[in-house]
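**Student:** Model the structure of this input:
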Amino acid sequence: MKLPSLRVERALQVLPDIDALVPLRAFLVSASRGGRTVAEPYGTVGKRVVQPTDLRAFIPRAVSRLADHLSALYESAVDALEAEERGDLVGSINALIAAGEREERAGRPASARAWYAHALRIAEELRDRLPEIQALRRLGRLDASRGEFDLAGRFYQRGFALAEAEQDRQSAALACHGLGQIAAAQRQWAGAISWYTRGLQFVAEESPLAADLRLALAEVSRQQGETRAADDWLDQAQRLFRNIGEPEGMARALNARGQLDSDSGNRYRAFARYHEALAGLPAGLHPEVEMEIRLNLANLHIAQGRLPDAEDEIRRAEELAIAHNLTRQLAQLYTVLGRVRGSQGDEAGFVFFEKAIELCRGREPEPDVEAAAYLEYAKFRRGLGELDECRAYLCRAQELTTDSGDAEVRARIEAELAEVGVG
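**Tutor:** Numbers count the residues shown, from 1 in each chain. Presented below is the predicted three-dimensional model:
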């Protein structure tokens, strides 16, 4: 007897959000099917359906994956102990870092951070500074990705000082890149330029990092409205990515070209850049990059008033996010989709904001994405004349960005608060 299908949102409510069920919950989402519900104008991932029999069939694979993951972590732990017994503290630290990287790839940043922090505590006892530099860089990257910019900056600064003292040029360049990203996220453009430029002094010319630093400098120039400088940096980045055979990097550079063209008002050329970027991206290997490009395409359609085309592009990106369990990006997509519906004066578009906010409150919270969702939700409510709700959502967005977060979003929130008479 065939059991009735379950909606994803209901299935996720039934299953507790605990570590042991992470693989099953992820499979539940990625294996869900839309059927007629995806064609519904207000369908989100929660409205998709899943067959309990499919989940039962997945159990052996889920158990196997979990066992493999735990086995690898235990192997790393034992490797660390054996290295300690041999007096090889560097080997012990490397084993701990390897475990952290495995946890990070599995989408468990909090657990990954615990491994890295433990590695750092041991590394601080050594005279050899290289293991400490490695642990500091990983902690800086992880905290920056979570919006903890002050803490991330301290890790990167310390790592940079040690790398410079040890004449570890690659690590010094990586620390400069990280510090530049933190400054850029806080819209501290002069600081970002300084760190990115400094990084170029340490890095080998024909390398992916050299291209990444130039791409970052192009983005800072674009943000400052310096089109010519951005164009020059992009030329250099594209040349390097082409020379070293980096299709993913080339796609990111073309995506940046599209943004630059869009800013300049050349939207047809921007469309061409985005489509060229998608065409050159290896299929299925870089879903996050592909989603960013498709989101830019959607925003370009919105700017031209082509809202149905924008929604089509968002739905394509939605399928990609669901297949790869990209929760953060999925929340961003639903925020944009809510904005599209708001532009159409569609009151029912609130469902997309509600789903975006819900997605941001999982096991690994996304306060910066949630703040951006609340900001757009507030503007949506304002467009409907619901000023009390608008103010409440803006205040919630402000709370989420009080201590950290994207400076651009924070500035937009403050501007909206001033317009509706708050603050």
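
**Student:** From here on, just use CA atoms for contacts and neighbour counts.
**Tutor:** Fine.

**Student:** what's next to the one helix or strand Y156 maps to, contact-wise?
**Tutor:** Element membership of Y156 [criterion: DSSP states H and E] is helix 149-165. Contacts to helix 149-165, defined as C-alpha atoms under 8 Å, 6 or more residues apart in numbering, come from residues 129-130, 132-134, 136-137, 139-144, 169, 171-172, 175-176, 178-179, 182, 404-405.

**Student:** one more time with 6 Å, if that's ok
**Tutor:** Outside helix 149-165, the residues that touch it by C-alpha atoms under 6 Å, 6 or more residues apart in numbering are 133, 136-137, 140, 143-144, 171-172, 175.

**Student:** before we move on, what about stretch 344-364?
**Tutor:** With C-alpha under 6 Å, 6+ apart as the test, stretch 344-364 has contacts from 331, 334-335, 338, 341, 366, 370.

**Student:** buried residues in that stretch?
**Tutor:** Buried residues in stretch 344-364, counted by 16 or more other C-alpha atoms under 10 Å: 349-357, 359-360.

**Student:** Dump those to TSV, plus secondary structure, pLDDT and distance to N243.
**Tutor:** Shown next, in TSV, are the buried residues of stretch 344-364 (DSSP: H, G, I helix; E, B strand; the rest coil; pLDDT from 0 to 100; distance: C-alpha to C-alpha, whole Å):
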residue	secondary structure	pLDDT	distance to N243
G349	helix	86	46
F350	helix	88	47
V351	helix	89	46
F352	helix	90	42
F353	helix	89	43
E354	helix	90	45
K355	helix	89	43
A356	helix	89	40
I357	helix	90	42
L359	helix	85	40
C360	coil	85	39
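
**Student:** Of those residues, which is the nearest to V90?
**Tutor:** C360 (37.6 Å; C-alpha to C-alpha).

**Student:** Report how many residues lie close to R228.
**Tutor:** 12 (other C-alpha atoms under 10 Å).

**Student:** what about it, helix or strand, and which?
**Tutor:** For R228, the host element (DSSP H and E) is helix 227-244.

**Student:** which helices and strands does that helix pack with?
**Tutor:** When contacts are defined as 3 or more C-alpha pairs under 6 Å, 6 or more residues apart in numbering; DSSP states H and E, helix 227-244 packs onto helix 208-223.

**Student:** List the contacts of the helix it packs on.
**Tutor:** By C-alpha under 6 Å, 6+ apart, helix 208-223 touches 196, 230, 233-234, 237, 240.

**Student:** Can you tell me the closest non-neighbouring residue to D261?
**Tutor:** With C-alpha to C-alpha, 6 or more residues apart in numbering as the criterion, D261 has its nearest non-adjacent residue at 5.1 Å, and that residue is A270.

**Student:** hang on, that neighbour packs against G258?
**Tutor:** Yes - between A270 and G258 there is a contact under C-alpha atoms under 6 Å: 4.1 Å.

**Student:** Compare these two (neighbour count), which wins?
**Tutor:** Neighbour tally, A270 and G258, criterion other C-alpha under 10 Å: the higher count belongs to G258, 28 against 25.

**Student:** Can you pull the poorly scored residue ranges out of this structure?
**Tutor:** 1-4, 33-42, 363-364, 403-406, 422-423 (pLDDT under 70).

**Student:** For it, just list every one of the strands.
**Tutor:** Listed in chain order, the strands of the chain (DSSP state E) span residues 6-7, 49-50.

**Student:** The first one: how far from the chain's middle?
**Tutor:** I take that to be strand 6-7. Chain-centre distance of strand 6-7: 28 Å, with C-alpha atoms, centre = their mean, to the nearest Å.

**Student:** Report the angle between the helix holding R228 and helix 208-223.
**Tutor:** Helix 227-244 and helix 208-223 meet at an angle of 160 degrees, taking axes from the mean of the first three to the mean of the last three C-alpha atoms, to 10 degrees as the criterion.

**Student:** So for helix 227-244, what gets flagged as buried?
**Tutor:** Applying 16+ other C-alpha under 10 Å to helix 227-244 flags 227, 229-231, 233-241 as buried.

**Student:** can you put those in JSON lines and add distance to L326?
**Tutor:** Formatted as JSON lines, the buried residues of helix 227-244 follow (distance: C-alpha to C-alpha, whole Å):
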{"residue": "T227", "distance to L326": "32"}
{"residue": "A229", "distance to L326": "33"}
{"residue": "A230", "distance to L326": "30"}
{"residue": "D231", "distance to L326": "31"}
{"residue": "W233", "distance to L326": "30"}
{"residue": "L234", "distance to L326": "28"}
{"residue": "D235", "distance to L326": "31"}
{"residue": "Q236", "distance to L326": "31"}
{"residue": "A237", "distance to L326": "27"}
{"residue": "Q238", "distance to L326": "27"}
{"residue": "R239", "distance to L326": "31"}
{"residue": "L240", "distance to L326": "29"}
{"residue": "F241", "distance to L326": "26"}
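
**Student:** With respect to Q13, which of those residues is nearest?
**Tutor:** Closest to Q13, out of all of the buried residues of helix 227-244 and judged by C-alpha to C-alpha, is F241, at 44.9 Å.

**Student:** And for stretch 307-327, what's in contact with it?
**Tutor:** With C-alpha under 6 Å, 6+ apart, stretch 307-327 has contacts from 30, 291, 298, 301-302, 330.

**Student:** Could you export those residues as TSV, including distance to A204?
**Tutor:** Below are the contacts of stretch 307-327 laid out as TSV (distance: C-alpha to C-alpha, whole Å):
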residue	distance to A204
S30	40
M291	30
A298	37
H301	39
I302	41
L330	36
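
**Student:** Just the ones of these in helices?
**Tutor:** Using DSSP state H, the subset of the contacts of stretch 307-327 located in helices is 30, 291, 298, 301-302, 330.

**Student:** And the helix holding Y156, how far out from the chain middle?
**Tutor:** Distance of helix 149-165 from the chain centroid (C-alpha atoms, centre = their mean) equals 22 Å.

**Student:** give me the number of residues near Q167?
**Tutor:** If you count neighbours by other C-alpha under 10 Å, Q167 ends up with 12.

**Student:** wait, I meant A378
**Tutor:** When neighbours are defined as other C-alpha under 10 Å, A378 has 28 of them.

**Student:** wait, what's in contact with the closest residue to it other than its chain neighbours?
**Tutor:** Setting aside the residues directly before and after it, A378 is nearest to C390 in space (C-alpha to C-alpha, 6+ apart), at 4.2 Å. For C390, the contact set (C-alpha under 6 Å, 6+ apart) comprises 378, 381-382.
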